[in-house]
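Student: Next one to model:
(one chain, ligands or ions: 1)
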Amino acid sequence: MVVGKVVMGCRIDELSKGQPAVVQATAPRTPPAEPDERPTARQEKQTIVRVVPLTWTGLSIGNESNREPQDGAPKYRFLRQQGLRPSRKLPDALIIGVKKGGTRALLEFVRLHPDVRAAGSEVHFFDRFYRKGFTWYRHHMPPTLEGQVTMEKTPSYFVTREVPQRVHQMNPNTKLLVVVRDPVTRAISDYTQAASKKVGMRRFEDLAFLNGSGGLVDTSWGPVKIGVYARHLERWLRCFPLKQLLFVSGERLIVDPAAEMARVQDFLGLKRVVTEKHFYFNSTKGFPCLMKSEGRSSPHCLGKTKGRNHPHIDPAAVERLREFYRPFNARFYQLTGINFGWP
Ligand SMILES: Nc1ncnc2c1ncn2[C@@H]1O[C@H](COP(=O)(O)OS(=O)(=O)O)[C@@H](OP(=O)(O)O)[C@H]1O
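Tutor: As a prediction, this is how the structure comes out:
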């Protein structure tokens with residue numbers, strides 16, 4: 001029996017008591033009810049379109065001008081002649097996390113698909129810029145043709161309390177992708193990134209535990225907290241059914257990107273176009289890299305901030321963290337129905 005009430009499409013039950021922030025009180029400046037702001041009808045209407053590679057060079061994602069595609073440009077003239085008119089739409093699918101899980105790799109891999117158009121940088125609409133409204137958000141999306149899937153990735157969405165309800169308000173059919181990785185390695189990766197930006201940062205072992213490495217795990221420390229996936233997922237499951245979420249294994253995305261991409265394409269309702277032939281393993285980097293992508297025709301890897309060397313961490317500290325995460329991982333496996341096999 002469900003104990004609780006439904007608030008704006010999300011179930012607020014016993015689990016959320018004392019967590020009022022789940023209830024989003026402030027409406028975005030432009031509510032999604034405006035006809036042109038409504039989410040695309042892709043889920044309802046599967047339209048077969050001719051696939052035309054589409055790169056609007058007039059747009060830099062990091063420096064958005066709010067212009068619509070220029071009709072005069074040769075590419076758009078060509079599309080118009082074909083009766084195809086690209087327009088910006090709110091996303092159909094989101095990569096919501098997790099930070100350091102492999103979200104950039106997933107985004108770069110999925111956008112190899114000609115029916116996917118994605119914002120290049122993290123938009124942070126649902127966590128930081130929600131007050132700017134849906135028109136603002138839509139303008140941060142690339143122009144798409146009917147039938148193409150519009151996407152963006154912002155890893156902090158997964159752990160931000162208000163986000164599930166806000167996404168649900170935009171479109172309760174939004175498809176949600178979560179890349180998860182062993183939470184201990186994830187925490188170390190997160191720490192490595194933070195340490196690369198701050199000179200003289202304390203040791204991982206000193207930050208992850210209260211009273212030094214012998215003490216209790218500091219569950220309030222961001223890199224630890226993010227890895228309690230079950231807790232965050234429970235919030236999403238109050239708003240979305242499990243079948244609307246796809247859990248991508250960060251580990252498998254490295255050892256077998258094509259297999260994970262097959263699952264992703266199936267989930268998004270896309271033909272399996274991204275396959276083994278799109279990847280090669282770069283032994284110097286130790287990661288799969290791309291044969292080519294939308295922007296580059298030559299083989300290349302993700303940037304140097306992806307696939308960093310991690311510092312040595314005291315094995316006893318690693319083991320203590322593993323013990324800490326074990327019950328949460330078990331709960332996560334139970335909720336998702338997938339055993340990720342983390343040690
Ligand atoms: N193909 C490929 N190339 C490089 N790196 C890859 C790849 N696939 C997955 N990964 C892993 O992605 C980790 C970074 O995760 P994110 O992209 O989610 O980081 S971020 O949250 O956007 O900062 C990154 O973490 P670190 O190894 O700690 O740097 C990688 O392990």
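Student: C-alpha from now on. contacts and neighbour counts both.
Tutor: Noted.
Student: My guess is Tyr333 contacts Gly341. True?
Tutor: No: using C-alpha atoms under 8 Å, Tyr333 is not in contact with Gly341, being 9.1 Å away.
Student: Neighbour count: those two, which is higher?
Tutor: Using other C-alpha atoms under 10 Å as the criterion, Tyr333 and Gly341 rank with Tyr333 on top: 16 against 10.
Student: Contacts only, for the more buried one.
Tutor: Asn339, Phe340 (C-alpha atoms under 8 Å, 6 or more residues apart in numbering).
Student: same thing but 7 Å
Tutor: By C-alpha atoms under 7 Å, 6 or more residues apart in numbering, the contact set of Tyr333 is Asn339.
Student: repeat for the one 4 residues further on
Tutor: The contact partners of Gly337, taken as C-alpha under 7 Å, 6+ apart, number zero.
Student: From Lys243, how far off is it?
Tutor: 11 Å (C-alpha to C-alpha, to the nearest Å).
Student: Spatially central residue in the chain, please.
Tutor: Ile95 (2.0 Å; C-alpha atoms, centre = their mean).
Student: and that residue, bridged to which residues?
Tutor: Ile95 forms beta bridges with Lys153, Leu177, as assigned by DSSP bridges.
Student: Do I have it right that it meets Val180?
Tutor: No: here Ile95 does not reach Val180: they are 11.1 Å apart, not a contact under C-alpha atoms under 7 Å.
Student: mind listing what the residue of the stretch 151-300 of the chain found nearest the ligand touches?
Tutor: Residue nearest to the ligand within the stretch 151-300 of the chain (C-alpha to the nearest ligand atom): Ser189, separated by 3.8 Å. Contacts for Ser189 (C-alpha under 7 Å, 6+ apart) come out as Lys100, His310.
Student: now the host helix or strand of it: how far from the chain's centre is it?
Tutor: Using DSSP states H and E, Ser189 sits within helix 183-197. Helix 183-197 sits 18 Å away from the centroid of its parent chain (C-alpha atoms, centre = their mean, to the nearest Å).
Student: mean confidence score for that helix?
Tutor: For helix 183-197, mean pLDDT is 98.
Student: Could I get the buried residue list for that helix?
Tutor: Neighbour-count burial for helix 183-197 flags Pro183, Val184, Thr185, Arg186, Ala187, Ile188, Ser189, Asp190, Tyr191, Thr192, Gln193, Ala195 (criterion: 16 or more other C-alpha atoms under 10 Å).
Student: hmm, the helix or strand just after it touching the ligand?
Tutor: Next helix or strand after helix 183-197 toward the C-terminus (DSSP H and E): helix 204-208. No: figure legend: helix 204-208 not in contact with the ligand (C-alpha under 6 Å from any ligand atom); closest approach 13.8 Å.
Student: would you list every one of the helices in the stretch 51-200 of the chain?
Tutor: 74-81, 103-110, 133-139, 163-170, 183-197 (DSSP state H, counting those that start in this stretch).
Student: now the fourth one: how far from the chain's centre is it?
Tutor: In terms of C-alpha atoms, centre = their mean, the gap separating the centre of helix 163-170 from the centre of its chain is 14 Å.
Student: number of nearby residues for Leu112?
Tutor: Leu112 has 19 nearby residues by other C-alpha under 10 Å.
Student: Next, the distance between the ends of stretch 108-119.
Tutor: Using C-alpha to C-alpha, first and last residues of stretch 108-119 are 10 Å apart.
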